[in-house]
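>>> got a sequence here, can you build the structure:
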Amino acid sequence: MLITPVPEGIARVTAAWDELGQSWRALLDDHTEDEIDVITRHTRGAHHLSHARMRRLRTRPKPG
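Take a look at the predicted model:
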């Protein structure tokens, strides 16, 4: 199946993501580069921990 987005749909999605991006930029503007580095390291570490946990849980036998 091939889906072709309509221009109005693309505009709506773009607007939603632009708003989110602006919100993130505003949030991060309050931090120094060093603070952003700490936030980034923490977020990456949390991401890796979560994915490692999911992999471990997927290897366990399913209940019942």
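>>> local confidence estimate at residue 64?
Residue 64 carries a pLDDT value of 78.
>>> any idea how far residue 37 lies from residue 46?
Distance of residue 37 to residue 46, given as C-beta to C-beta, to the nearest Å: 15 Å. C-beta coordinates here come from the backbone N, C-alpha and C atoms, glycine included.
>>> how deep is the nearest residue to residue 31 once chain neighbours are set aside tucked in, by neighbour count?
Of all residues not flanking residue 31 in the chain, residue 39 sits nearest, at 7.0 Å (C-beta to C-beta, 6 or more residues apart in numbering). Applying other C-beta atoms under 10 Å, we find 13 residues neighbouring residue 39.
>>> can you tell me the SS state at residue 39?
Using DSSP: H, G, I helix; E, B strand; the rest coil, the structure places residue 39 in helix.
>>> my guess is it contacts residue 33, does it?
No: look at residue 39 against residue 33 with C-beta atoms under 8 Å: they stay out of range, at 10.7 Å.
>>> show the contacting residues for residue 26.
Counting by C-beta atoms under 8 Å, 6 or more residues apart in numbering, residue 26 touches no other residue.
>>> pLDDT value on the nearest residue to residue 28 once chain neighbours are set aside, please?
Using C-beta to C-beta, 6+ apart and skipping the chain neighbours, the partner closest in space to residue 28 is residue 36 (6.0 Å). Listed pLDDT for residue 36 reads 94.
>>> what about residue 36, distance to residue 6?
Distance from residue 36 to residue 6, counting by C-beta to C-beta: 37 Å.
>>> who's more crowded, the two?
Between residue 36 and residue 6, counted using other C-beta under 10 Å, the more crowded position is residue 36 (12 against 8).
>>> so which strand or helix has the more buried one?
Using DSSP states H and E, residue 36 sits within helix 33-59.
>>> can you tell me how far residue 60 sits from residue 50?
16 Å.
>>> pick out whichever of the two has more residues nearby.
A direct count of neighbours by other C-beta under 10 Å for residue 60 and residue 50 places residue 50 higher, at 10 against 7.
>>> what about the more buried one, distance to residue 8?
For residue 50 relative to residue 8 (C-beta to C-beta), the value is 36 Å.
>>> check which residues of the helix holding residue 36 are buried.
Neighbour counts over helix 33-59 (16 or more other C-beta atoms under 10 Å) mark no residue as buried.
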